[in-house]
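[1] Predicted model and sequence below, questions to follow.
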Amino acid sequence: MGKTVWIGDVQDGLHDEQTVELKGWVKRTRGSNKIRFIVLRDSTGTIQCVGKRDVLGDEAFESLKGALIESSLILSGTILVDERADGGHEMTISNVKIVGSVDPERPFPITESAMAAADGGETEFLLDNRHLYLRTSRMTTMLKLRSSAFGAIHSYFRGQDFIEYQAPNFVAGAVEGGSTLFEVPYFGKKAYLTQSWQLYAEAAMPALERLYTIAPSFRAEKSRTRRHLTEFWHAEMEMAWATNDEIMNHGEGLVRHIARTMLDEHSPELTSLDRDIERLALYADSPYPRMRYDEAIEILQGKGVDVEWGQDLDYSKEKVLTQDFDLPHFLTHYPKIAKPFYHRVDPDDGNYVLCHDLLAPEGYGEIIGGGERTWSEEEILKRIDEEGTPRDPYQFYIDVRSYGGVPHGGFGLGVDRVISWLSGAEHIREVIPFPRDSRRVTP
RNA sequence: GCCGAUUUAGCUUAGCUGGUGGAGCGUGGGACUGUUAAUCCCAAGGUCGUGGGUUCGAGCCCCACAAUCGGCGCCA
């Protein structure tokens, strides 16, 4: 009951003149009462299949007519080269088996009008029917690009001798402020869903030295933007002995490798999304400029933006800053007062921390946040106390520094954001199968 | 948390100054031997988001609520 013939291979000419069995789903049908055209879809492509009444007989022909959109079929027949068919190949059907039929009372709800209304994006209806929208060509393309990006992240880090390492998703404390944690009941106690792998990665840093992960992170932010999810996929790395510059080199290397991999594996798909391949090639091949926070403030003030030194840069300011950029830019050396305790203070100037954000162009915002960590026991205690953060939940984090602390650092990359940016999506929801945000946990 | 908008058939929508809601797609029936979102004819399908109010009369005006969408803060 397996499957041996793939529509993509048929369209590539691997089965010309052969009699084969195609297994797939009906994408569209049309025809008369003598001839029927079935556009059959599988995960690799589509092909037009032609059924004729005088060849099939009345019974098989009528059953073919009854195969509504998204019915699953097994069609047997001969593959012919035919210019009249999309893709250049066509099957002449000799036998029909309907595997899963569709009730005419409840036809497939994702209609042409529903797709046209979304205009390449999304509508409430398509979000409600996400489980069915997944099988349309646009979502299938996004899911393939997504797979490509995940594969690229693994291949980049493994190629650089990083070790994949897993942290728990139930945690006791926060990485960021704390107000954005999801609280979950835990056998009469409170636990939280992790916001980041970082703190647990630092515990393993003295063991593995170079480590990475791809894992979901959870943030209870009521953000309603095209860049935010409450559950997102986080690619993080941690590296012993590393400087801010070295960490940035990896961030740049990783993002360029993702762009290159997506281009190598899916250029036709990117073109089908109207993405400019030349632009992506620029992202894959160019070095990314680096700029200090102070310089960014000067540029913004020069443009008349009301911003003071010491403020974190919110999206409205990022947008102004990046609107003239045609490449991702690193922003480094933020003021200490704008960043949490785990960022290492710059030994050359105590007002700054050794950190970086990578800002994507085209208005996609921040895709990487990282830097060197506060690594001595003395300094971490000082910074935790300065911020008024309780020590208790972080005792294991402090211990890491008490026993042979070393300089180290890392970054976190928002995988969905990168895919959204590289695919040119209107909204981050378009690149994840079942998006979760502050107002939606279904389907 | 703040600001703005939307809600009419399964989907997408039109609906005038308040006077018994039309269409396209899809579905069903019919016609057609090569279609490309096939075409042509016919039919079924609506308590106009929910509740209240104004009015002789509300899809339309007013109030409340709900759901959803967009933007901001925050961040990846």
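    Alright, I've got the coordinates. Numbering: from 1, shown residues only, chains lettered A, B, ... in the order given.
[2] Could you measure from the spatially closest residue to A:K52 that is not a sequence neighbour over to A:Y315?
    Spatial nearest neighbour of A:K52, excluding adjacent residues (CB to CB, 6 or more residues apart in numbering): A:I35 at 5.3 Å. Yep, even glycine has a C-beta here, placed from its N, CA and C like the rest. A:I35 sits 56 Å away from A:Y315, taking CB to CB, to the nearest Å as the criterion.
[3] what do you get for A:V55?
    Distance, A:V55 to A:Y315, using CB to CB: 61 Å.
[4] do the same with A:P107
    42 Å.
[5] Identify all contacting residues around stretch A:215-224.
    A:166-167, A:169, A:176, A:179-182, A:193-197, A:228, A:230-234, A:236, A:412, A:437-439 (CB atoms under 8 Å, 6 or more residues apart in numbering).
[6] ok, now with 6 Å
    Contact partners of stretch A:215-224, identified using CB atoms under 6 Å, 6 or more residues apart in numbering, comprise A:180, A:182, A:193, A:195-197, A:231-234, A:438.
[7] Tell me which residues of that stretch come out buried.
    For stretch A:215-224, a neighbour-count test (16 or more other CB atoms under 10 Å) marks A:215, A:217-219 as buried.
[8] before we move on, back to that, look up how far RNA strand B lies from the residue nearest to A:K52.
    A:I35 is 5 Å from RNA strand B, where distance means CB to the nearest atom of the strand, to the nearest Å.
[9] same question, A:T123
    Distance from A:T123 to RNA strand B, by CB to the nearest atom of the strand: 5 Å.
[10] Contact partners for that residue?
    A:A117.
[11] swap the cut-off to 8 Å and go again
    If you count contacts by CB under 8 Å, 6+ apart, then A:T123 has A:114, A:117 around it.
[12] Repeat that for A:D9.
    Taking CB under 8 Å, 6+ apart as the test, what A:D9 contacts is A:15, A:44.
[13] Identify the residue nearest the residue located most distally from the centre of chain A in space, chain neighbours excluded?
    The centre of chain A is farthest from one residue, A:D54, which by CA atoms, centre = their mean lies 49.5 Å away. Closest residue to A:D54 apart from its sequence neighbours, by CB to CB, 6+ apart: A:K34 at 7.4 Å.
[14] for that neighbour, phi and psi?
    Main-chain torsions, A:K34, degrees, to the nearest 10: phi -120, psi -30.
[15] Isn't it up against A:K52?
    Yes - at 6.8 Å, A:K34 counts as touching A:K52 under the criterion of CB atoms under 8 Å.
[16] These two: which has the busier surroundings?
    Neighbour tally, A:K34 and A:K52, criterion other CB atoms under 10 Å: the higher count belongs to A:K52, 15 against 10.
[17] For RNA strand B, see how far away the more buried one is.
    6 Å.
[18] pLDDT (mean, whole number) over stretch A:245-254?
    Mean pLDDT, computed over stretch A:245-254, is 97.
[19] and what of stretch A:394-405?
    Across stretch A:394-405, the average pLDDT comes to 91.
[20] Among the contacts of stretch A:215-224, name the ones that also lie close to RNA strand B.
    A:180, A:196, A:232, A:234 (CB under 7 Å from any atom of the strand).
[21] and A:F157, what is it in contact with?
    A:164, A:212, A:237, A:254.
[22] could those residues be laid out in JSON lines, adding distance to RNA strand B and secondary structure?
    Formatted as JSON lines, these follow (distance: CB to the nearest atom of the strand, whole Å; DSSP: H, G, I helix; E, B strand; the rest coil):
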{"residue": "A:E164", "distance to RNA strand B": "19", "secondary structure": "strand"}
{"residue": "A:Y212", "distance to RNA strand B": "14", "secondary structure": "strand"}
{"residue": "A:M237", "distance to RNA strand B": "12", "secondary structure": "strand"}
{"residue": "A:L254", "distance to RNA strand B": "12", "secondary structure": "helix"}
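[23] Could you pick out the buried ones from these?
    A:212, A:237, A:254.
[24] Show me what counts as buried in the worst-scoring helix or strand of chain A on mean pLDDT.
    Ranked by mean pLDDT, DSSP states H and E, the weakest helix or strand in chain A is helix A:112-118, scoring a mean of 77. For helix A:112-118, burial by neighbour count (16+ other CB under 10 Å) applies to A:115, A:118.
[25] Can you show me the CA trace of that helix as PDB?
    Only the C-alpha atoms of helix A:112-118 are listed here, as PDB (Å, rounded to 0.1, in the frame of the first residue of the first chain):
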ATOM      1  CA  GLU A 112     -11.000  30.400  -4.900                       C
ATOM      2  CA  SER A 113     -12.900  33.400  -3.500                       C
ATOM      3  CA  ALA A 114     -11.500  32.700   0.000                       C
ATOM      4  CA  MET A 115      -8.000  32.600  -1.400                       C
ATOM      5  CA  ALA A 116      -8.500  35.700  -3.500                       C
ATOM      6  CA  ALA A 117      -9.900  37.700  -0.600                       C
ATOM      7  CA  ALA A 118      -6.700  36.900   1.400                       C
END
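[26] Check the offset of that helix from the chain's centre.
    Per CA atoms, centre = their mean, to the nearest Å, the displacement of helix A:112-118 from the mean C-alpha position of its chain is 24 Å.
[27] again with stretch A:369-389
    Worked out by CA atoms, centre = their mean, stretch A:369-389 lies 31 Å from the chain centre.
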